[in-house]
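Peer 1: return atomic coordinates for the entry below.
(2 chains)
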Amino acid sequence: MTDATPVSAPRLGQLWKTLEEPLQSPDRPLPARLAQAAVSWSGARGGTLYLREKDGWVRVAVAGVSELEGLDLPDPSSAVPVHRNGTLWVPLSAEGEIHGHLGLDGIGPEDSVELGAFLGFVLGGLLGAHRLSRLVKEADFEVRTRLVELESLYDLGLSLSGQLDIAALGDEVLFRSISLTDAGKGTLLLFHEDGRLLLERNLGGEFLPTQDLAAWNLPEGEAVINNAAATVPTAGVCLMSCQKCLVVPISVSGRRLGVLAVADKESRDGSVLDFTASNARILSLFANQAAAAIETARLHRAAIESERIEREMELAAAIQREILPHSLPEVSGVELAAANLPTRHVGGDYYDLFPLSRGRLGLLVADVSGKGVPAALLVSTVHAAVHLQIDEAKTVVDLVTRIDRHLRRYAATRKFLTLFFGLFEPDTGLLTYVSAGHNPALLVRGSGEIERLNSTGVPVGMFPGASWKEESVTLAPGDLLCVYTDGLTEAVNAAEEEYGLDRLSSFVGKGRAFPLRELCDRVLAAVADFAADMPQYDDQTLLLARRTENTGR
Amino acid sequence: MSEVCRVAAERRGDVAILSTDGYINNQGGEEIARQAYSHLESGARALVLNLEKTRIVNSIGISILIEVLEKVMDRKGKLAFCGLTPTIDKTFRIMGLAQYAAIYPTESEAVRAVSSP
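Peer 2: Reported below is the predicted structural model:
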């Protein structure tokens, strides 16, 4: 406590009255109000108030005459009022601690002792209480801010664990990072495994180049603070338009997924502050959580995609099963066998048999381009076209031309197909056929001699205005026609060799005398043996027709 | 959300409604304070801060909002918030803003609550 001289009660009452109004008025900061009150009470021309802040003594208020711009504090350590150059300097103390110095200009030395004692005691107490209250507030704010950080980490974990939308997830991480570091701007970049940009989120303006992650020389799991980012590259990368930055990698099990960065930490006075180790720690924690969530979202998307493909495949397989003949027709003079082995990745193989007038038989094997649902839909269109046109068509070439036209008009996708269509007359053994870009069908004579029925035109649906040639051969009783799709001849083994047409020819040639059903099964088994455990990606279709002695209609 | 915080004001009697759009940081907070003080000077008794279009608030923005709240309380006025995201709602509660300012889901509820009977 200041060594006070007794003071008259009226003077004390006057001081209190002068202080009362400024204490209750909310318009200006308390120190300024106190300085003003002290000037008017003391009758000074002007006053200058210094307060002790973290960084030293700061001039916080100037009161009184307008020409007075404030006085320099002569001796901050002085614990007693001193009169110097016409100014009375009063230390404002409470509990033995000096909280401020008030300089009163134009006070005569005769009033110094009394004034100094009063003001030092009263204003010192008020400022001490004010300062204490401010420190408590600041400490409370700091504690609450730490609590917000902790809660944010907890909430981020919760919200990210259920967040599967990568963009929403990115925003959540970025917004919290900017908010908790008081940054002016922030960016989150995520990259695909091949380095392509997957996601870019910005707030407050771009400052990271969206380049491949490889350019970033970021240490694993560590944040990089660069408080000179305007002039010095950050982890090897020059950043655009930022003064200070904090960059942290987003990684999962050593695999770099992206970068989280914030820049230009704000302060209350508008200056840009340095990022601290505490900022780096919180950003690293966010990046870790983001990495786990992003990986979960990615795996989830992959699972959904794989499920979608699976469903599509099942649908395609169902379409295909429905379209393929459920049983083979009984046609006098010809023995038939057919098989279709769909792969897991459904292709577009299709075969069909059409008993026609005068005991004739139409044989069709087709292979459409593409896989999955689009291929299955095209097969369905071809199936409709053949069934619609087969009774109208005058010749085999006419039929193929009609199918081509139908596809151009109705097919939903621009696809094409290879096909073999044969019109067989068991009475004469005449086979008239068109092979539209299809693999050579095999004609195995009873003698074992094998002829290849090569392509007679381009695939159907490929070129507008295409035309096909019709060929014919005659089958003697015992002669065998073998039509297949490339899934058989192009089946590969572990050495990446194809089964090939030669092996197929040889196998069918040797087995030509077997019952056709058995031969059909044996061919498929031979191909499967050849390929062993190698997965096959194309359907395998085989249609066998052997002319028998016509037993009459 | 815009990069520079914009603040739109509407006056209904002695209630001033300030609607923010963007990051409530130093700039955003200062703009809110400027408009809030101007309305208080011109007789507004209550403030409603609608943060519907704001998704981020930083500690500087919060400290300015606390100053605005203190000023309103010094004048025996009322302050209410509305349209807060769950994150901002929680932040305000932890930071003590909700202790003296009420939080309402919608602007109409907030205005009704702070309006003079």
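
Peer 1: where does chain B dip in pLDDT?
Peer 2: Applying pLDDT under 70 to chain B flags residues B:1-3, B:117.

Peer 1: okay, helices next: where are they in it?
Peer 2: Secondary structure of chain B (DSSP state H): helices at B:26-41, B:59-74, B:86-95, B:97-100, B:107-114.

Peer 1: so which of the ones you listed is nearest chain A?
Peer 2: Closest to chain A of the helices of chain B is helix B:59-74 (CB to the nearest CB; 3.3 Å). Yep, even glycine has a C-beta here, placed from its N, CA and C like the rest.

Peer 1: got the angle for that closest one vs helix B:86-95?
Peer 2: Taking axes from the mean of the first three to the mean of the last three CA atoms, to 10 degrees, one finds helix B:59-74 and helix B:86-95 inclined to each other by 60 degrees.

Peer 1: buried set for helix B:59-74?
Peer 2: Within helix B:59-74, the residues scored as buried using 16 or more other CB atoms under 10 Å in any protein chain shown are B:59-66, B:68-69, B:71-72.

Peer 1: among these, which two are most distant?
Peer 2: Distances among the buried residues of helix B:59-74 were taken as CB to CB; the most separated pair is B:Ser59 and B:Val72, at 20.2 Å.

Peer 1: I'd like to know which elements the longest strand seen in chain A is packed against.
Peer 2: Longest strand in chain A, counting residues (DSSP state E): strand A:255-266. For strand A:255-266, the packing partners by 3 or more CB pairs under 8 Å, 6 or more residues apart in numbering or on different chains; DSSP states H and E come out as helix A:166-181, strand A:183-191, strand A:245-252, strand A:272-273, helix A:277-323.

Peer 1: got a list of contacts for stretch A:124-131?
Peer 2: With contacts defined as CB atoms under 8 Å, 6 or more residues apart in numbering or on different chains, stretch A:124-131 is touched by A:2, A:19, A:23, A:30-31, A:34, A:51, A:91-95, A:97-100.

Peer 1: of the residues you listed, which is the most crowded?
Peer 2: Within those, A:Gly100 tops the neighbour count with 30 neighbours, counted by other CB atoms under 10 Å in any protein chain shown.

Peer 1: my read: it touches A:Trp89, true?
Peer 2: No. Assessed by CB atoms under 8 Å, A:Gly100 is found out of contact with A:Trp89, at 10.9 Å.

Peer 1: the one residue in the stretch 451-553 of chain A that gets nearest to chain B and A:Gly370, how far apart?
Peer 2: Using CB to the nearest CB, A:Tyr537 is the residue of the stretch 451-553 of chain A that sits closest to chain B, at 48.1 Å. The gap separating A:Tyr537 from A:Gly370 is 12 Å, by CB to CB, to the nearest Å.

Peer 1: kindly report the same for A:Ala532.
Peer 2: Using CB to CB, A:Ala532 is found at 27 Å from A:Gly370.

Peer 1: comparing those two, which residue is more hemmed in?
Peer 2: Using other CB under 10 Å, the more surrounded residue of A:Ala532 and A:Gly370 is A:Gly370, with 16 against 9.

Peer 1: so what's the residue nearest the centre of chain B up against?
Peer 2: When CA atoms, centre = their mean is applied to chain B, the residue found nearest the centroid is B:Leu49 (2.9 Å). Contacts for B:Leu49 (CB under 8 Å, 6+ apart) come out as B:18, B:20, B:32, B:65, B:79-82.

Peer 1: and for A:Ile309?
Peer 2: A:Gly372.

Peer 1: just put the helices of chain B in CSV and tack on distance to A:Ala292.
Peer 2: Shown next, in CSV, are the helices of chain B (distance: least, CB to CB, whole Å):
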stretch, distance to A:Ala292
helix B:26-41, 32
helix B:59-74, 27
helix B:86-95, 19
helix B:97-100, 32
helix B:107-114, 38
